[in-house]
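Enquirer: Here's my sequence, what's the structure:
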Amino acid sequence: MLHGRDAERDSLAALLDGAREARAGALVLHGEPGVGKTALLDDAVGTAAGLRVLRTQGLESESPLAFAALHRLLRPLLPHLDRLPAPQARALGVAFGKQDGERVDPLLVGIGTLSLLTEAAEQRPVLAVVDDAHWLDPASADALLFTARRLGADRVVLLFSVRDGSATAFAHDGVPSLLVGRLDEVSARAVLQDCAGDAIALDVADRLLEQSGGNPLALVELAAGLSPAQLAGDAPTPAHLPLTADLERVFLDRARRLPTQVQSVVLVAAADDSGRTSTVSRAAALLGLDDGALAQAETSGLVVTDGDHLHVRHPLVRSAIYQAATGGERRAAHRALAAALEGQDDPDRQAWHAAAAADGPDETLAAALDAAGARAERRGGFVAACDAYERAAELTAGA
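Expert: Numbers count the residues shown, from 1 in each chain. As a prediction, the model looks like this:
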């Protein structure tokens with residue numbers, strides 16, 4: 001069941017109804033990774049009674065192969081090529097390797113794609129679904145966008161999904177689009193209830209909601225990564241909740257394309273919990289990073305700054321970047337943050353960063369964390385106090 005997506009489902013249902021009544025439509029669903037675009041496409045397919053469904057998907061590995069995605073979409077219709085005007089049929093035949101030819105005319109391929117879909121729709125309405133359109137090969141993208149912009153009184157619906165912030169562009173100007181946003185708290189809790197049931201403790205659920213930032217895929221994956229005892233609150237959860245490899249790959253897609261120094265700055269921002277731009281800037285300088293690296297990180301959209309307030313764009317981006325770093329890279333970031341907090345009247349945070357940077361027993365750090373735990377306990381922060389005492393024990397020789 002799709003929670004919190006009634007408006008989006010209504011929009012898609014209206015398009016399908018329009019196709020049944022000879023009113024063509026096209027729509028681009030866009031949003032951040034894991035927000036549920038593919039789930040909405042699947043839901044539309046499931047409600048497309050009476051329509052012929054065609055599907056394709058952009059694949060990063062096939063993006064250099066011209067017309068690869070378009071061929072997958074139109075392959076069921078190729079037996080009907082002879083119904084098209086000869087120049088269009090020949091253009092598609094050459095594009096798909098069915099005929100020899102020296103050159104493919106992109107305009108004729110676009111017109112042929114439009115003609116083939118509308119010809120098929122004469123028999124029954126057509127729903128064409130294109131997932132991960134940001135990874136389409138450019139030739140397929142051009143032909144499909146050409147078609148989407150020219151549908152009229154046809155029984156055809158063309159749906160795309162596009163990942164916001166992707167390194168590859170899908171310029172869908174002129175095609176209606178709909179932002180698929182994060183879930184509200186009520187809907188997010190319903191998703192969590194579906195995947196974890198009543199076994200999840202309230203404080204654990206609150207933490208998963210905070211970490212996921214309303215991202216439904218993240219809720220499901222993060223809950224799946226915890227043991228029954230952790231979900232029930234009978235065992236401690238990790239300081240950084242684990243992401244599965246697939247979800248991590250999605251959220252690291254943009255970060256890994258950044259220059260090395262910018263990736264380092266983003267890691268410092270992910271390791272920081274002060275939310276202060278000045279702290280991250282000082283730590284970056286201590287690591288020898290260029291002055292412009294933080295500005296580049298902000299330009300990339302992975303880091304957001306507002307005066308002296310800074311945060312990584314999404315909690316899952318933060319978790320993925322932190323997890324993907326090596327132990328040495330994480331320790332270096334924490335060591336720099338601890339040094340950046342020197343003299344900033346924030347001894348607890350400084351002690352935590354110094355402890356995270358330690359790779360062996362350190363009695364001085366253990367004492368500092370004991371003191372931080374005692375202060376947390378006095379403030380009623382019993383979970384934080386417990387974590388501090390446990391880490392202090394780990395840093396005590398012979399503990």
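Enquirer: In the stretch 1-150 of the chain, what residue spans correspond to helices?
Expert: 6-20, 37-46, 68-74, 86-95, 106-121, 138-148 (DSSP state H, counting those that start in this stretch).
Enquirer: cool, the stretch 151-300 of the chain as well?
Expert: 185-196, 202-212, 216-224, 228-231, 245-252, 260-271, 277-286, 293-300.
Enquirer: could those helices be laid out in a markdown table, adding mean neighbour count, distance to R5 and mean pLDDT?
Expert: For glycine as for every other residue, the C-beta is placed from the backbone atoms N, C-alpha and C. Formatted as a markdown table, those follow (neighbours: other C-beta atoms under 10 Å; distance: least, C-beta to C-beta, whole Å; pLDDT from 0 to 100):
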| stretch | mean neighbour count | distance to R5 | mean pLDDT |
| --- | --- | --- | --- |
| helix 185-196 | 17 | 8 | 92 |
| helix 202-212 | 17 | 16 | 89 |
| helix 216-224 | 23 | 9 | 87 |
| helix 228-231 | 16 | 25 | 90 |
| helix 245-252 | 17 | 20 | 73 |
| helix 260-271 | 24 | 30 | 93 |
| helix 277-286 | 21 | 36 | 94 |
| helix 293-300 | 20 | 29 | 89 |
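Enquirer: what ranges do the strands span in the stretch 251-399 of the chain?
Expert: Applying DSSP state E, counting those that start in this stretch to the stretch 251-399 of the chain gives strands spanning 303-306, 309-312.
Enquirer: what's the spacing between the closest residue to L287 other than its chain neighbours and S264?
Expert: Nearest residue to L287, sequence neighbours excluded (C-beta to C-beta, 6 or more residues apart in numbering): A336, at 5.0 Å. The gap separating A336 from S264 is 10 Å, by C-beta to C-beta, to the nearest Å.
Enquirer: Over to Q296?
Expert: Counting by C-beta to C-beta, the gap from Q296 to S264 is 11 Å.
Enquirer: picking that back up, could you dump the helices of the stretch 151-300 of the chain into a markdown table and include distance to A367?
Expert: Below are the helices of the stretch 151-300 of the chain laid out as a markdown table (distance: least, C-beta to C-beta, whole Å):
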| stretch | distance to A367 |
| --- | --- |
| helix 185-196 | 39 |
| helix 202-212 | 29 |
| helix 216-224 | 34 |
| helix 228-231 | 30 |
| helix 245-252 | 36 |
| helix 260-271 | 23 |
| helix 277-286 | 24 |
| helix 293-300 | 33 |
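Enquirer: quick one: which of these is nearest D154?
Expert: The minimum distance between D154 and those falls on helix 216-224, with 33.2 Å, by C-beta to C-beta.
Enquirer: Quick check: end-to-end length of stretch 150-160?
Expert: 15 Å (C-alpha to C-alpha, to the nearest Å).
Enquirer: picking that back up, can you add distance to L27 and give the helices of the stretch 1-150 of the chain back as CSV?
Expert: Formatted as CSV, the helices of the stretch 1-150 of the chain follow (distance: least, C-beta to C-beta, whole Å):
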stretch, distance to L27
helix 6-20, 6
helix 37-46, 10
helix 68-74, 16
helix 86-95, 25
helix 106-121, 15
helix 138-148, 9
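Enquirer: Just send the ones you listed back as a markdown table, with mean neighbour count, mean pLDDT and distance to L395 too.
Expert: Shown next, in a markdown table, are the helices of the stretch 1-150 of the chain (neighbours: other C-beta atoms under 10 Å; pLDDT from 0 to 100; distance: least, C-beta to C-beta, whole Å):
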| stretch | mean neighbour count | mean pLDDT | distance to L395 |
| --- | --- | --- | --- |
| helix 6-20 | 16 | 96 | 50 |
| helix 37-46 | 18 | 95 | 45 |
| helix 68-74 | 22 | 94 | 54 |
| helix 86-95 | 20 | 92 | 64 |
| helix 106-121 | 21 | 95 | 64 |
| helix 138-148 | 23 | 94 | 54 |
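Enquirer: out of those, which comes closest to R375?
Expert: Proximity to R375 (C-beta to C-beta) singles out helix 37-46 among the helices of the stretch 1-150 of the chain, at 44.9 Å.
Enquirer: so who does the nearest residue to T244 once chain neighbours are set aside touch?
Expert: Distances taken as C-beta to C-beta, 6+ apart place E221 nearest to T244, at 5.0 Å, with adjacent residues excluded. Neighbour list for E221: 243-244, 247 [criterion: C-beta atoms under 8 Å, 6 or more residues apart in numbering].
Enquirer: what does P176 give?
Expert: P176 neighbours (C-beta under 8 Å, 6+ apart): 25-28.
Enquirer: among these, which two are most distant?
Expert: Farthest pair in these, by C-beta to C-beta: G25 and V28, 11.5 Å.
Enquirer: Roughly how far does V45 sit from R52?
Expert: From V45 over to R52 (counting by C-beta to C-beta), the distance is 11 Å.
Enquirer: Kindly report the same for E102.
Expert: From E102 to R52 the distance is 34 Å (C-beta to C-beta).
Enquirer: more neighbours, these two?
Expert: Under the neighbour definition other C-beta atoms under 10 Å, E102 and R52 were set side by side, and R52 has more, 18 against 5.
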